[in-house]
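In: sharing a sequence plus its predicted fold:
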Amino acid sequence: MLKLGINVDHVATLREARYRGRGSGEPDPVEAALLCEADGAHGITAHLREDRRHIQDRDIFQLRERIGTRLNLEMANHPEIRAIALRVRPETVCLVPEQRQEVTTEGGLDVAGNERELSEVCQELRTHQIGVSLFINPDSAQISAAARTGADFVELHTGPFAEAFHEESQGREELQRLVRAARQAYELGLSVNAGHGLNYENFEALYAVPHLVEVNIGHSIISRALLVGMGRAVREMLEFTDGYGSGDRVE
């Protein structure tokens, strides 16, 4: 079964647009997470950024206290955020690159260029019974380096695939990159997740990618929920994840 993790960051984005700095406000990403769980989500993802542009510290602690599934904390490898992760003890941490100028995460970690540092972080988190995922581009060198760090998962960056989805040749090329990356990661003993830019239109193409354990989707589901409600938005995406395994593989 392909699991669906829902990222609630952009519920907090809407709240912060009106209530930034007030310590409360609506909509509440924690309440949104509970609605997602009620309609079948397998886990909740939240990105605590260094600049705190959407999710705030209090959200992470409340999510840890109130949700009943799994908490996946996205974070940069920053000492302050690592300290919070060790206090919160999420089921998993997904290490991602982070730049202040970006609208959203723009690329994968350079694991190959920072292997020693990331290995130390993986060891620290795993010592505290926190699973570790590395958000990486579907690149052979990065996957090999990720396996050497001791990480439990890689999360394959599906953004380039999503951007090229409507361009037949480029879209197929990006999909094949994901297929090759998933196979390599699986053969190296890594569990394979995927995320970024996935939506109700492009998801079925992802059926071609083998060995996926979980997908993490945020913006598309939150956007859909504005029109049809959170429950329906979640259930509609679950129809796609439930169909994983029935699609043709790309060779």
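Out: Arrived safely.

In: got the residue ranges for the helices in this protein?
Out: Ranges of helices in the chain, per DSSP state H, are 9-19, 29-38, 57-66, 79-88, 115-127, 140-149, 159-163, 168-187, 219-228, 230-242.

In: and the third one, what other elements does it pack with?
Out: Using 3 or more Cβ pairs under 8 Å, 6 or more residues apart in numbering; DSSP states H and E, the elements in contact with helix 57-66 are helix 29-38, strand 43-47, strand 70-75, helix 79-88. Placement of C-beta: from N, CA and C, glycine included.

In: just checking: what are the partner strands of the third one?
Out: Strands adjacent to strand 70-75 in the sheet, as given by DSSP bridges, are strand 43-47 (parallel), strand 92-95 (parallel).

In: can you pull out the low-pLDDT segments for the stretch 1-150 of the chain?
Out: 99-106 (pLDDT under 70).

In: circling back to that earlier point, out of the helices and strands packed on helix 57-66, nearest to residue 62?
Out: Of all these, helix 29-38 sits nearest to residue 62, with 4.7 Å by Cβ to Cβ.

In: contacting residues around that closest one?
Out: Helix 29-38 has contacts (Cβ atoms under 8 Å, 6 or more residues apart in numbering) with 6, 8-9, 11-12, 15, 44, 46, 55, 59, 62-63, 66-69, 221-222, 225, 230-231, 234.

In: what comes up buried for that helix?
Out: 29-30, 32-37 (16 or more other Cβ atoms under 10 Å).

In: swap in stretch 70-86?
Out: Within stretch 70-86, the residues that count as buried by 16+ other Cβ under 10 Å are 70-77, 81-82, 84-85.

In: so how far is it off the chain centroid?
Out: Computed by Cα atoms, centre = their mean, to the nearest Å, the chain-centroid distance of stretch 70-86 equals 13 Å.

In: likewise stretch 216-233?
Out: 16 Å.

In: returning to what we had before: got a markdown table for the strands paired with strand 70-75, with distance to residue 187 and mean neighbour count too?
Out: Compiled in a markdown table, those are given as follows (distance: least, Cβ to Cβ, whole Å; neighbours: other Cβ atoms under 10 Å):
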| stretch | distance to residue 187 | mean neighbour count |
| --- | --- | --- |
| strand 43-47 | 25 | 26 |
| strand 92-95 | 21 | 27 |
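
In: could I get the ones you listed as a markdown table with distance to residue 185?
Out: Output for the strands paired with strand 70-75, formatted as a markdown table (distance: least, Cβ to Cβ, whole Å):
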| stretch | distance to residue 185 |
| --- | --- |
| strand 43-47 | 19 |
| strand 92-95 | 14 |
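
In: indicate which one of these is closest to residue 137.
Out: Smallest distance to residue 137 across the strands paired with strand 70-75 (Cβ to Cβ): 13.8 Å, for strand 92-95.

In: follow-up on the earlier one: out of the strands paired with strand 70-75, which comes closest to residue 242?
Out: Comparison of the strands paired with strand 70-75 against residue 242 by Cβ to Cβ identifies strand 43-47 as nearest, at 15.6 Å.

In: extract the C-alpha trace of the closest one and format it as CSV.
Out: The C-alpha coordinates for strand 43-47 follow below in CSV (Å, rounded to 0.1, in the frame of the first residue of the first chain):
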residue,chain,number,x,y,z
GLY,A,43,0.8,10.7,8.1
ILE,A,44,1.3,14.5,8.5
THR,A,45,4.2,16.5,7.2
ALA,A,46,5.2,20.0,8.4
HIS,A,47,8.3,22.0,7.4
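
In: what's around the closest residue to residue 171 other than its chain neighbours, how many residues?
Out: Spatially, and ignoring its direct neighbours in sequence, residue 171 is nearest to residue 164 (4.4 Å; Cβ to Cβ, 6 or more residues apart in numbering). When counting by other Cβ atoms under 10 Å, one arrives at 18 neighbours for residue 164.
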